[in-house]
Every structure is written in C-alpha cells, then in structure tokens.
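**Student:** Predicted structure and sequence below. I'll ask about it afterward.
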Amino acid sequence: MSEDVLSVIPTDPHWQPEQAAADRTASIVEDLASGLPDGVDVEIDVTWYDTLTVVDCGQNLQKIGCPHCGASIDTEWWADLLEAHCDDGFATLGVVVPCCGTATSLDALDYDWPCG
C-alpha cells in the first residue's frame, strides 16, 4: 500500500490559519480526491500543530546542507534533534549547526528532499 502526503507549510513558521479556514481547505481536498477508480476510498487526515513542529520527509531525506559553510550535516544529528522535540515541539527554530558552529534557523538548512 502506498501513501501520498500533502503538507501545507506557510512561509512564516509562526502563522497558521484559523480553524474554520483549515476545515474548509480540508473539505476542498476531500472533494478533489474523492476516491480511487477501483472503489477504494481516499482517507484524508488533517494534523493541527499548536507549537512549532518540524514536518520532515521521513526516509526520503537524502542529505542536509549547511547554509553557511556548505558542509553536509549528519542526518543523525537531525534525527536526534527531532527526537528531543517530538513531544513538545520547538520553542524556536534557532539551532547551532554542528559543522561550523554557526547559529542559524532550521528553515534555513538545505534539505535534499523538502522538509518544513
């Protein structure tokens, strides 16, 4: 069984739509993806985050690059960071990258498969 995921991620990480607007959008997506030709229903799940939360691409992530020195960032560092914040989200997107010790933002990293 395959799964397609559509993540709508605003350019401003602190913005999110009002709940009514999110519900209307989910309804539109349900109308557009009403079912598969063989009669299998499409399941639409909406996830609402109350805190800054990383939406990663899972196993599709090939590499992460540093926007400052261009070095490759170990994906194990990334996985440990996500694990540390999986329950409570992030208070800020600020991080210090392990390659060159520069302070930056999670949304500024160069992901080789989109993450948000």
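**Tutor:** Perfect, I can see it now.
**Student:** Correct me if wrong: residue 66 contacts residue 109.
**Tutor:** Yes: between residue 66 and residue 109 there is a contact under Cβ atoms under 8 Å: 7.2 Å. Where C-beta positions appear, they are placed from N, C-alpha and C, glycine not excepted.
**Student:** which residues do these two both contact?
**Tutor:** The overlap between the contact sets of residue 66 and residue 109 (Cβ atoms under 8 Å, 6 or more residues apart in numbering) consists of 73, 97.
**Student:** all helices for the chain, in order.
**Tutor:** 19-32, 75-84 (DSSP state H).
**Student:** pLDDT score assigned to residue 94?
**Tutor:** We have a pLDDT of 93 for residue 94.
**Student:** For it, name its beta-bridge partners.
**Tutor:** Beta bridges link residue 94 to residue 105 when assigned by DSSP bridges.
**Student:** give the contact list for it.
**Tutor:** 103, 104, 105, 106.
**Student:** With residue 63 instead?
**Tutor:** Taking Cβ under 8 Å, 6+ apart as the test, what residue 63 contacts is 72, 73, 75, 112.
**Student:** Quickly note the distance from it to residue 107.
**Tutor:** 17 Å (Cβ to Cβ, to the nearest Å).
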